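**Student:** need a structure here:
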Amino acid sequence: MSCSASPAWAALAAHYQDDMAQFNLAQAFASNPQRLAQHSQQAPHVYADLSKNFCTTQTESLLQALAHDCGWQARRDAMLAGEPINTTEGRAAMHWLLRMPRDGGQLRQHPVVQAWPQAQWDTLAAAHDTLNAMLALAEQVRADRQITDIVNIGIGGSHLGPEVVVQGLEDWVDAGKRVHFVSNVDGHELGHVLRQVRPESTLFLIASKSFTTAETMLNAHSAREWFLRQGGCVQPSAAVSIAQHFVALTTNVAAAQAFGITRCLEFSDWVGGRFSLWSAIGLPIAIAIGQEQFRDLLAGAHAMDAHFFNAPIGHNLPLRLALLDIWYRNFCHLGSRCIAPYSHGLRRLAAYLQQLEMESNGKRVTHAGQCLTTPTAPIVWGEPGTNGQHAFFQLLHQGQDVVPVEFIVARGGGKYLGAHQHSLVINAIAQAQALMLGRHGVSAHQDCPGNRPSSFLLLQQFNPASVGALIALYEHRVFSAGAIWGINSFDQWGVELGKQLAQQLRQREEQGDWQGVDASTRDLMAQLGPAVA
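**Tutor:** Take a look at the predicted model:
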């Protein structure tokens, strides 16, 4: 059923107009002593306080009915069964399999898993073989004291996921290794990294599923040219050779070998780029934190997987968050959501979630190719606290737009706790309270209207397991929202358009053929001038 054709959709629209358009959070707390208990829950490694949102138990009940009408559970079970739910590319979406124990772990008693054919168990075993090979290579690199610098060259999912985890878990990073991430085709980024490293002590990881991604391959070729100019060699037998200092993370081994790389880690085509940090793409993470901590990362994610696939609809945290997203986007008409991680380690989380959510659910047609009549993914943005408090929080408190805010806080973990961590968490709690309560100042300039919604996600400890659980929570949340909207969250055809046009412009430039090209594009290409080596 189309989401907007569901009886629950019409009921939600009426509920908003009749009951929620003038909803007041402070009054809701005053009139309902059970509000916190009704709108909060503990999930693996994550406590969620959703009580400061524009919702009631009736809102949640109607949203759950919408999920039921739209076949959310059937879509969830189809993913667990390994069906090709990425319909436009004919692929399964089994990133969750990458963190599943070989015996099925907490999901082995699930009816869908019990019905798996042997081929699915073989796929799981193969995933563990790849994991073991990846972790063995990671430990080999960690033990090689000659290698001091790891340069990961990728973009999108081959970059953002590993980067956010390595930064997040920097307290667990081997002090003898520096991990650098290069993604932008702007040569300044690669040049900045290359000025810090030496060829004989650097390992380059070329992360590209197809090994044809334009930005990644341009950076990879430039890194190889620098390596050779600095005295490196193409001969595998040489002490400082491409074979020794380059590793490919790809599904296209032939192209990697043609590049000169002999060490390749493969992964399956059912691993989507923005869901790939659990695969061989996670090699920089494993090198940084070691195999034991990497397995803890997987274990935390698997615990959230088990919660997602097992928990009933009313106590399923990824689903509850997804339904809240739909409520705000489609019924409250709020078009953006602010991500405020109160953690320096999670300083790139907002960027990671921008790709995860907007690339997955920024769609305008259903699985069947029919135009949607409703908007989908909101604009996701943000920065870490407390820096954000002295920047855009002014707009959140006194601006004309209502923006739901998502606070992500860790109670403990890491090396630098004490007064710093306590103050950090208090700031987050105070901001959530301030958004709700507002303030009547001595003048209109000081008035803060309050009644601004927020969610609060609290990690009991900040460690590899909790980071894994947090990221898996967001993955399942994005999938759930997409399933209810009736879209394919696992393709990204809009990303391809700009790449194709850039390639066409390069070809036209070489041929001098601008026939049929619009005047603005022709002029900008003329202003650019010829390429400079």
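
**Student:** what are the buried residues along the longest helix along the chain?
**Tutor:** When the chain is parsed with DSSP state H, its longest helix is helix 118-143. Neighbour counts over helix 118-143 (16 or more other C-beta atoms under 10 Å) mark 120, 123-124, 127, 130-131, 134-135, 137-138, 141-142 as buried. Backbone N, C-alpha and C define where each C-beta goes, glycine included.

**Student:** distance to residue 82 and pLDDT added to those residues, as TSV?
**Tutor:** Below are the buried residues of helix 118-143 laid out as TSV (distance: C-beta to C-beta, whole Å; pLDDT from 0 to 100):
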residue	distance to residue 82	pLDDT
120	5	98
123	7	97
124	10	98
127	12	97
130	17	95
131	18	97
134	22	97
135	24	98
137	27	97
138	27	97
141	32	96
142	33	96
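
**Student:** neighbouring strands for the next helix-or-strand element following the longest helix of the chain, and are they parallel or not?
**Tutor:** Using DSSP states H and E, the helix or strand that follows helix 118-143 towards the C-terminus is strand 149-153. Its sheet considered, strand 149-153 pairs with strand 178-182 (parallel), strand 202-207 (parallel) by DSSP bridges.

**Student:** residue 291: which of those is closest?
**Tutor:** For residue 291, the closest of the strands paired with strand 149-153 is strand 178-182, at 15.7 Å, according to C-beta to C-beta.

**Student:** avg pLDDT for the very next helix or strand once past that closest one?
**Tutor:** Counting by DSSP H and E, the next helix or strand C-terminal to strand 178-182 is helix 187-194. For helix 187-194, mean pLDDT is 97.

**Student:** relative to strand 202-207, how tilted is helix 187-194?
**Tutor:** Relative orientation of helix 187-194 versus strand 202-207 (axes from the mean of the first three to the mean of the last three C-alpha atoms, to 10 degrees): 140 degrees.

**Student:** which one of the buried residues of helix 118-143 is nearest residue 94?
**Tutor:** Minimum distance to residue 94 across those is 7.6 Å, recorded for residue 123 (C-beta to C-beta).

**Student:** tell me how far the closest one lies from residue 79.
**Tutor:** 14 Å (C-beta to C-beta, to the nearest Å).

**Student:** between the two, what contacts are shared?
**Tutor:** Common contacts of residue 123 and residue 79 (C-beta atoms under 8 Å, 6 or more residues apart in numbering): residue 94.

**Student:** got the domain ranges for the chain?
**Tutor:** Under the assignment automatic domain parsing, the domains of the chain span 42-91+310-485, 118-291.

**Student:** which strand or helix spans the residue of the chain most remote from its centre?
**Tutor:** Of all residues in the chain, residue 442 has its C-alpha farthest from the mean position, at 43.2 Å, by C-alpha atoms, centre = their mean. Following DSSP H and E, one finds residue 442 outside all helices and strands.

**Student:** tell me the pLDDT of residue 414.
**Tutor:** 60.

**Student:** I should have written residue 3 there, sorry.
**Tutor:** Per-residue confidence (pLDDT) for residue 3: 95.

**Student:** pretty sure it contacts residue 374?
**Tutor:** Yes - with contact defined as C-beta atoms under 8 Å, residue 3 counts as touching residue 374 (6.7 Å).

**Student:** between the two, which one's more packed in?
**Tutor:** Counting neighbours by other C-beta atoms under 10 Å for residue 3 and for residue 374 shows that residue 3 has the greater number, 23 against 14.

**Student:** circling back to that earlier point, ok, which of the strands paired with strand 149-153 comes nearest residue 111?
**Tutor:** Nearest of the strands paired with strand 149-153 to residue 111, taken as C-beta to C-beta: strand 202-207 at 36.4 Å.

**Student:** so what touches the closest one?
**Tutor:** For strand 202-207, contacts defined as C-beta under 8 Å, 6+ apart pick out 141, 147-154, 158-159, 162, 216, 220, 223-224, 227, 245-250, 256, 259, 261, 281, 283-284.

**Student:** what's the following helix or strand after that strand?
**Tutor:** Using DSSP H and E, the first helix or strand after strand 202-207 is helix 214-229.

**Student:** hmm, back to that, so what sits against both of residue 3 and residue 374?
**Tutor:** residue 485.

**Student:** low-confidence ranges, the protein, go.
**Tutor:** Judged by pLDDT under 70, the chain has its weakly predicted residues at 413-418, 533.

**Student:** which stretches in it count as strands?
**Tutor:** Remark: strands assigned in the chain by DSSP state E are 40-43, 46-49, 149-153, 178-182, 202-207, 246-249, 263-265, 336-342, 379-382, 405-410, 454-459.

**Student:** want to throw these into CSV with distance to residue 521 and mean neighbour count?
**Tutor:** Shown next, in CSV, are the strands of the chain (distance: least, C-beta to C-beta, whole Å; neighbours: other C-beta atoms under 10 Å):
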stretch, distance to residue 521, mean neighbour count
strand 40-43, 49, 17
strand 46-49, 47, 18
strand 149-153, 29, 24
strand 178-182, 29, 22
strand 202-207, 31, 27
strand 246-249, 35, 26
strand 263-265, 38, 19
strand 336-342, 30, 23
strand 379-382, 27, 18
strand 405-410, 39, 24
strand 454-459, 43, 22
